[in-house]
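[1] Quick one: sequence and predicted model below, then my questions.
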Amino acid sequence: MSSEVDVWRRQFLEHLEIEKGRSLKTVENYDRYLTDFFTFSKINTIKQIDDERIREWRLALNRRGLKKNTQNYYLIALRTFLKHLSWRCVDSLAPNRIELAKTGARELDLISTAELERLLNAPNGKDEKSLRDKAILELFFSTGLRVSELCSLDRDSFDLKQDEFSVRGKGEKVRLVFLSPAAREDLQN
């Protein structure tokens, strides 16, 4: 027989998939994070979720050597689960009782202008392969496309009379991308 926690966890994961439209990978990750908490805390009822169990779990996550950002993924899953319970009028710990771990500012390793110019000028031949590579590099750096978005493009993706095109990105979201004059020229070539 399933425990109360198992029933609510399953309903929450189905809610993420169906109503929220989250990817199956996201649902799988949330399931793993929640299962980790429920297994660690050995609870069977929602009322057993309390500050002390969460504190002990956070300590265990930290002692596993997980980075703060990774620990936050676990905490976000539990907090979102508690928000779902609240929305469903289930008496449980308030989601705002879970604070995320403080993380340092992200450091960006940016490419220098000289490095970018050297990279963009690397394919310098007039053969088809060099022209293709130049167009790919120019599109990548001037539009901010993700690699997966760039790989999914084909010739029919562009209307060179327009300086814009749409791309289906992460989460199946469609967004508008604008072509730079250099990218348009390289595509025409």
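    Nice, thanks for sending it over. Residues are numbered from 1 along each chain as shown.

[2] drop to CA atoms for contacts and neighbour counts, all remaining ones
    Noted.

[3] Next, count neighbours for the closest residue to Arg22 other than its chain neighbours.
    Distance criterion Cα to Cα, 6 or more residues apart in numbering; nearest residue to Arg22, sequence neighbours excluded, is Leu16 at 5.6 Å. Other residues near Leu16 come to 20 when the count uses other Cα atoms under 10 Å.

[4] what sits against the residue nearest the centre of the chain?
    Geometric centre of the chain, nearest residue: Lys170, 7.7 Å, by Cα atoms, centre = their mean. When the contact criterion is Cα atoms under 8 Å, 6 or more residues apart in numbering, Lys170 has no partners at all.

[5] before we move on, what about the one 5 residues further on?
    The neighbourhood of Arg175, defined by Cα under 8 Å, 6+ apart, consists of 166-169.

[6] List only those of those flagged as buried.
    With burial judged by 16 or more other Cα atoms under 10 Å, the buried subset of these is Val167.

[7] Give me the lowest-pLDDT entry from the contacts of Arg175.
    Sorting the contacts of Arg175 by pLDDT puts Gly169 at the bottom of the list (79).

[8] ok, so what distance separates it from Ser180?
    19 Å (Cα to Cα, to the nearest Å).

[9] and if you look at Trp57?
    Separation of Trp57 from Ser180 (Cα to Cα): 50 Å.

[10] So which of the two has more stuff around it?
    Trp57 (19 against 16).

[11] Let me know whether the more buried one touches Phe40 as I believe.
    Yes - between Trp57 and Phe40 there is a contact under Cα atoms under 8 Å: 6.9 Å.

[12] In this model Lys25 seems to touch the residue nearest to Arg22, though I could be wrong.
    No - the pair Leu16 / Lys25 is not scored as a contact, 11.1 Å apart, by Cα under 8 Å.

[13] residues making contact with stretch 151-164?
    In contact with stretch 151-164 (Cα under 8 Å, 6+ apart) are residues 165-166, 176-180, 184, 188.

[14] Hmm, I typed the wrong one, I wanted stretch 55-64.
    Residues outside stretch 55-64 that contact it (Cα under 8 Å, 6+ apart): 37, 40-41, 68, 71.
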